[in-house]
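K.L.:
What would the 3D arrangement of this be:
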Amino acid sequence: MDAMMDMMIKSISKEKREQMMINMMPKMMEGIDIYEFMPKMMTDMLKDVTVDDVIEFIKRAIEEQDKLKELADKIAQANLMQQMMFKVYQSKLGFDETVSAVAEAAPKNGWQIPDIRDLQKEYQESGLSDTTKVKIIYFCNPQGGYDILKDDSNKSMSVMMPMGVGIYETSDGRVEIAAMNLGMMSGMFSGVVQEVLNNGAANLEKTLQGVVE
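P.N.:
Coordinates of the predicted model:
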């Protein structure tokens, strides 16, 4: 609605907008009820709108929709959302060595490791054999999680706990590590959540030192 109003107003010439504001000022000074004022304001805004104004507004609306769709398509094609939400690191080590090095370094940098899942093995046991090596190391910071979940409004964030760090082989033999982009995510929050995520991002980077390129 705000975007539509913005386009409608922009479709009206600057001179007309100025004149409408001058005409509306006396009504605004009357202190009338808002439910009375809005219909009057809209009537004054639209009474001088011409067919050309309406056509221009429709053109702008169509252009904006096309631009938004084009932008959404480009974002999808570039996989930008995935690139923003996750960080991918190139390991300097082999697959098994990477898993061992990360699992060993994590407790030294504020993490507990409650579980390590072998996804390749689980898939193969389900009859799905065409997969490369993939393991998920689960990172947990009890104090940070506790600080976040104390507040009921933050309890939905429990779906992210513990945090999975993926280690996998690509089809061409590279070993990569993937994790949530905690630093980027922290910018979406404030207070204790932002603090915990920022600390987590720093501790994750320390954990991967010496392992990633």
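K.L.:
Name all residues that make contact with residue 196.
P.N.:
Going by Cβ atoms under 8 Å, 6 or more residues apart in numbering, residue 196 touches 141, 144, 145, 147, 148. (C-beta placed from N, C-alpha, C; glycine too.)
K.L.:
Likewise for residue 189?
P.N.:
With contacts defined as Cβ under 8 Å, 6+ apart, the neighbours of residue 189 are residue 197.
K.L.:
how does it look with 10 Å?
P.N.:
Contacts for residue 189 (Cβ atoms under 10 Å, 6 or more residues apart in numbering) come out as 148, 154, 157, 195, 196, 197, 198.
K.L.:
Which strands and helices lie in contact with the host helix or strand of the first one?
P.N.:
Translated: residue 148. Element membership for residue 148 (DSSP states H and E) is helix 142-149. Judged by 3 or more Cβ pairs under 10 Å, 6 or more residues apart in numbering; DSSP states H and E, helix 142-149 is in contact with helix 191-208.
K.L.:
mind saving the C-alpha coords of the helix it packs on as CSV?
P.N.:
What follows is the C-alpha trace of helix 191-208 in CSV, where atoms were taken according to Å, rounded to 0.1, in the frame of the first residue of the first chain:
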residue,chain,number,x,y,z
GLY,A,191,20.7,-7.2,22.5
VAL,A,192,21.7,-10.6,23.9
VAL,A,193,21.0,-12.4,20.6
GLN,A,194,23.3,-10.2,18.6
GLU,A,195,26.0,-10.5,21.2
VAL,A,196,25.8,-14.3,21.3
LEU,A,197,25.8,-14.6,17.5
ASN,A,198,28.8,-12.2,17.2
ASN,A,199,30.7,-14.3,19.8
GLY,A,200,29.8,-17.5,18.0
ALA,A,201,31.0,-16.1,14.7
ALA,A,202,34.4,-15.1,16.3
ASN,A,203,34.7,-18.5,18.0
LEU,A,204,33.9,-20.4,14.8
GLU,A,205,36.6,-18.5,12.9
LYS,A,206,39.1,-19.4,15.6
THR,A,207,38.1,-23.0,15.4
LEU,A,208,38.8,-23.1,11.7
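K.L.:
in the helix or strand harbouring residue 103, what's buried?
P.N.:
Secondary structure from DSSP H and E places residue 103 in helix 95-105. Buried residues in helix 95-105, defined by neighbour count with 16 or more other Cβ atoms under 10 Å: 95, 98, 99, 101, 102, 103, 105.
K.L.:
Check what contacts that helix and list those residues.
P.N.:
In contact with helix 95-105 (Cβ under 10 Å, 6+ apart) are residues 89, 91-94, 111, 113, 116, 118, 120, 132-135, 137, 139, 165, 167-169, 173-177, 179, 204, 206-212.
K.L.:
how about 6 Å then?
P.N.:
Applying Cβ atoms under 6 Å, 6 or more residues apart in numbering, the set of residues contacting helix 95-105 from outside is 91, 113, 133, 135, 137, 167, 169, 175, 207, 211.
K.L.:
Name the helix or strand for the second one, please.
P.N.:
It stands for residue 113. strand 112-118.
K.L.:
That strand pairs with which strands, parallel or anti?
P.N.:
In its sheet, strand 112-118 lies beside strand 134-140 (antiparallel), with partners assigned from DSSP bridges.
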